[in-house]
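1. need the 3D shape of this:
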Amino acid sequence: MTSELSRLHARVEGRVQGVGFRYFVLENANRLGSTGWVRNRRDGSVEVLAEGPRADLETLLAALQRGPHPHTTRSVQPQWEQASGEFTRFRIRLTA
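-> Numbering: from 1, shown residues only. Presented below is the predicted three-dimensional model:
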């Protein structure tokens with residue numbers, strides 16, 4: 001297993017706004033030591049950009065697919081990218 005850093009850029013759709021989803025993502029990302037951000041999108045989805053070891057991001061992706069409550073997540077569209085190292089922590093950003 002490699003500890004090489006990766007970047008997960010995901011869009012999460014479903015009942016993901018107004019249910020504490022961003023705080024759920026923040027808690028999971030912080031527990032894993034990931035950096036990056038989460039924000040609501042005006043279209044009702046949630047966008048996540050996280051960096052860390054690939055195995056940790058796979059764990060975060062599984063959490064996104066599961067969601068904080070049953071039936072909150074309808075779909076998750078992940079994209080894997082090269083990490084930039086630009087973040088020092090994980091935070092909640094303003095709606096875009």
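2. S75 reaches E13, doesn't it?
-> Yes. Under the criterion of C-beta atoms under 8 Å, S75 makes contact with E13 at 4.9 Å. (Glycine included, C-beta is placed from N, CA and C.)
3. neighbour count for these two, which is higher?
-> More neighbours surround E13 than the other of S75 and E13, with 15 against 10 (other C-beta atoms under 10 Å).
4. neighbouring strands of the strand or helix carrying that one in the sheet, and parallel or not?
-> Here E13 sits within strand 5-14, counting by DSSP states H and E. Strand pairing for strand 5-14, using DSSP bridges, gives strand 46-53 (antiparallel), strand 73-82 (antiparallel).
5. tell me which of those sits most buried.
-> Highest mean neighbour count of the strands paired with strand 5-14: strand 46-53, a mean of 22 (counted as mean count of other C-beta atoms under 10 Å).
6. need the next SSE after that strand, C-terminal direction.
-> Next helix or strand after strand 46-53 toward the C-terminus (DSSP H and E): helix 54-66.
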